[in-house]
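Chemist: Here's my sequence, what's the structure:
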Amino acid sequence: MSTLTVKELEAPTGFDLKIAAGETLDLKSQGTVTMPTGSTLAVYEDTHATEATFQSTSWADVGLTITLTPKSTSSKFFCTWSLEGQFEGGNSGLGTRVIRTIGSSETVVYTSATGYDLYTADTSAALRMRAQYNTLDTPNTASSINYKVQIKNQASGSAGAVSLNNASNPTSLHIWEVQG
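Modeler: Residues are numbered from 1 along each chain as shown. This is a model prediction of the structure:
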């Protein structure tokens, strides 16, 4: 096997650099590769399907959590999560937020603007709603990061109860690590 050391490869105008048919360009075996800004570096996923009822107006974990180690300190993280809540009647509202933990330091990276995004004033029957949320986080670290989703009720008590994952409709959290 031969080793060819070059500083830069460039194709003439109108031509592309190509790898011969049947050959592989292995960019993972040695060294590092810098991807263009905006490239997806990794995708993480967590889903939670166990039904749970929340009645408190305090923030509570919903069971969606992802722990990851960034590829570089310049990585950005696009977080998207979906929640389906069944409101059990009464004036009910559901707020959500995402917490980032690095070591023992917690940072809120997203919070519902009004404290609740989904709301119903229907006092006669249960009502089911689904919402999708997203946020972009730039933690500027190479240390391990934990992201978790929390919710809280706008109203307390059984009249304001919200059930997540009702009728086998799971909640989910997805995170895309993006080259910064």
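
Chemist: Please name the residues that touch K18.
Modeler: By CB atoms under 8 Å, 6 or more residues apart in numbering, K18 lies in contact with nothing. Just so you know, the C-beta spots here come from the backbone N, C-alpha and C atoms, and that holds for glycine as well.

Chemist: I'd like the distance between it and P12.
Modeler: Going from K18 to P12 by CB to CB, to the nearest Å gives 13 Å.

Chemist: try L41
Modeler: Distance of L41 to P12, computed by CB to CB: 31 Å.

Chemist: what about those two, which has more around it?
Modeler: L41 (16 against 6; other CB atoms under 10 Å).

Chemist: Nearest the geometric middle of the chain, what residue?
Modeler: When CA atoms, centre = their mean is applied to the chain, the residue found nearest the centroid is C79 (2.8 Å).

Chemist: That residue against P139, yeah?
Modeler: No: applying CB atoms under 8 Å as the test, C79 and P139 come out as separate, 11.2 Å apart.

Chemist: which residues do the two both contact?
Modeler: Taking CB under 8 Å, 6+ apart as the contact rule, C79 and P139 touch no residue in common.

Chemist: Many thanks, we can stop here.
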